[in-house]
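Chemist: just a sequence and a predicted model for now, questions to come.
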Amino acid sequence: MRVSPYGYDYKDGQLLINEEEAKYVHLIYNWYIYDKLTIREIGNRLYQLGARPKRSNTWNQTSISRILSSEIYIGRYYYNRRQRKRVQGEKTATGNKKYMYSFRDPADWICVKVPAIIDEATFELAEKQRNKNKTYAGGNRKYPFLLRSMIKCAKCGRTWQSTTYSGRMDKITGERKKYLHYRCPNQYPRKYGSNVERSHRKT
């Protein structure tokens, strides 16, 4: 591995627990499971506490989600998961050989035992919370967004997202009206920290 996973150090061919980082791994799981914080809230809280990833100064959604879903934190590291294949006749932007990566069949994976940072019960609770969040997220495919994928942000150039928000509850029907709108993805960027620039454009 090029860089050891967050919470671990690679030394003499072994993964060893980095106690300082492991402390934040525990906090991430507790915030997610018991405090019901979103990934964004967890990222901002980590930044405020001075915790930093190994290869960056800012947290992002992918790195936090990986901590909450990787079996390495319950002591199982899978080797030989990916394979690469040369793309004939193509090169990267820097002129190097280009490769495509894919996952091997799980039967070909090699499980290596490593020191666990969290227990399996906690890991399962995080998985249940993740599945629950996916269910509630639902998506907005049922709403007619006529300009989906057609509007771009004048500030950063990214394609705007289509989403909804709930208004006040109707006192007679007890239902909340859904309002449809578009917003720049950088209004709520997937990187977290004070130096991450946000766009406040929406309509």
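Modeler: Done, it's in.

Chemist: distance check, residue 26 against residue 159.
Modeler: Between residue 26 and residue 159 the computed distance is 37 Å (C-beta to C-beta, to the nearest Å). Where you see a C-beta, it was placed from the backbone N, CA and C, and this is true even at glycine.

Chemist: over to residue 175?
Modeler: Distance from residue 175 to residue 159, by C-beta to C-beta: 31 Å.

Chemist: look at these two and report which has more neighbours.
Modeler: Using other C-beta atoms under 10 Å as the criterion, residue 175 and residue 159 rank with residue 159 on top: 14 against 10.

Chemist: that one bridge partners, please.
Modeler: Residue 159 forms beta bridges with residue 152, as assigned by DSSP bridges.

Chemist: list the buried residues for the longest helix seen in the chain?
Modeler: As assigned by DSSP state H, the longest helix anywhere in the chain is helix 120-137. By 16 or more other C-beta atoms under 10 Å, the buried positions in helix 120-137 come out as 122, 123, 125, 126, 129, 130.

Chemist: any chance you could map the strands in the protein?
Modeler: Applying DSSP state E to the chain gives strands spanning 8-11, 14-17, 59-60, 76-79, 82-91, 97-103, 110-113, 161-169, 176-183, 191-192.

Chemist: by mean pLDDT, show me the worst of the ones you listed.
Modeler: Mean pLDDT per stretch puts strand 191-192 lowest among these, at a mean of 59.

Chemist: on that earlier part again, CA atoms of the longest helix of the chain as CSV?
Modeler: What follows is helix 120-137, C-alpha atoms only, in CSV (Å, rounded to 0.1, in the frame of the first residue of the first chain):
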residue,chain,number,x,y,z
GLU,A,120,-18.0,-5.7,14.9
ALA,A,121,-21.2,-4.7,16.7
THR,A,122,-20.3,-1.0,16.2
PHE,A,123,-19.5,-1.6,12.6
GLU,A,124,-22.9,-3.3,12.0
LEU,A,125,-24.6,-0.3,13.7
ALA,A,126,-22.9,2.0,11.3
GLU,A,127,-24.0,-0.1,8.3
LYS,A,128,-27.6,-0.1,9.5
GLN,A,129,-27.4,3.7,9.9
ARG,A,130,-25.9,4.0,6.4
ASN,A,131,-28.7,1.9,4.9
LYS,A,132,-31.3,3.9,6.8
ASN,A,133,-29.9,7.2,5.4
LYS,A,134,-30.0,5.8,1.9
THR,A,135,-33.7,4.9,2.4
TYR,A,136,-34.5,8.4,3.6
ALA,A,137,-32.5,10.1,0.9
